[in-house]
Structure formats: structure tokens, C-alpha cells
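Engineer: please find the sequence and the predicted model below.
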Amino acid sequence: MRDKVLILNQDFSAIAVCTVHKAFLLVYLEKAEMVTKANGSVLRTVSTSYPVPSVIRLQHYVKIPYYGISLSRHNVLRRDNFLCQYCGTNRNLTLDHMLPRSRGGETNWLNLVTACSKCNSRKGDRTPEEAGLKLLNKPSKPSLLTFLKLHLNTQNEDWTIYLKVNTK
């Protein structure tokens, strides 16, 4: 039961991912309904078997007060795919402030990138342009949907239609 289940709000918008155990309890207690079943998997009791949920939808709409990803070292690394944004290596990773803090740079999604210790030392107290470094990807603040879509350790095809990102 290490599989994950996508939780949809009542309006079918993706809001979270949980364990199969928690999803089953929500369905069993009638706080959610099963939208999609996992392929052939079942949960068994002494007398009954239940299908394993893959996607569930809450019975009542839940207002989400904060709809974003918290800024943390691990989330910046995940956003950058655990790759140095200057040379592309995946070894000895650190965080780098593109505009150094000593020069007024803030600690936010748009100023932090993943960098290997070699590139971070080479850059030093300069901007990437001053150090002659070019970014592989421009940093951005991820949305919940892009984070769920790109960084979950699952290839669940049942989730695809609910994790479509609006590109307006």
C-alpha cells in the first residue's frame, strides 16, 4: 500500500495526494467518492474486498487558503530537477542566490537556483552574467498543479486529465 491517491475537490480540481489507506477511509466514511479505481488492486477484510482508489473526490468543497508550494531547499531542488542550473550536473548540489544576498538579493523562488558547489564557488559574490555563467532554466515560482504533475514519483495515467495545467 505504498501507492498514492489523487484527491480532488468537489469541483474536480486537484488539491492533494494521500496514501491509499487515508483515501479508503475517506471513501468508507462517505467524506469522498471514488472517481477512478486502481488497476485490479483490492483491499481485503475477513469478509469483504474493496477496490483500491486511484482518484477520489471530496463530497464537500474545501476552500484552500494557501494554494502554493512552500519555499524550502528540497522544493527548490525538486523544481530544478536536482540538476545544477549552470552546468547540469547532479552532484554536490547547493542553493545559489542569483543576485547575492550581500548585494540585496532576496530569498525567494525567483532568486534561488540549484547549483553545484563548483559553479557556486566560481560565481561567488557576483551575478551569473558577471561570472560568465548561463542559466539552463529561468527560475519560476511553481504552482501546485505543475509540482504535482512534474515531481510525483508516480506515472499514474488516471491522474493526467486532472493535472492539466492551464497555460493562459
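Structural biologist: Arrived safely, thanks for sending. Numbers count the residues shown, from 1 in each chain.

Engineer: report the beta-bridge partner residues of the closest residue to Val35 other than its chain neighbours.
Structural biologist: Distances taken as Cβ to Cβ, 6 or more residues apart in numbering place Val55 nearest to Val35, at 4.3 Å, with adjacent residues excluded. Where C-beta positions appear, they are placed from N, C-alpha and C, glycine not excepted. Residues in a beta bridge with Val55, per DSSP bridges, are Leu6, Thr36.

Engineer: ok, now which ones touch the most centrally placed residue in the chain?
Structural biologist: Most central in the chain under Cα atoms, centre = their mean is Phe147, positioned 3.0 Å from the mean C-alpha point. Phe147 is in contact with 69, 75, 78-79, counting by Cβ atoms under 8 Å, 6 or more residues apart in numbering.

Engineer: as TSV, those residues with neighbour count and pLDDT would be great.
Structural biologist: Listed next are the contacts of Phe147 as TSV, based on neighbours: other Cβ atoms under 10 Å; pLDDT from 0 to 100:
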residue	neighbour count	pLDDT
Ile69	19	83
Asn75	16	91
Arg78	16	88
Arg79	24	91
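
Engineer: roughly how far does the residue of the chain positioned farthest from its centre sit from Leu99?
Structural biologist: Seen from the C-alpha centroid of the chain, the residue lying at the greatest distance (Cα atoms, centre = their mean) is Ser47, 38.1 Å away. Using Cβ to Cβ, to the nearest Å, one obtains 64 Å as the distance from Ser47 to Leu99.

Engineer: all helices of this structure, in order?
Structural biologist: 20-28, 73-79, 117-123, 128-131, 144-151 (DSSP state H).
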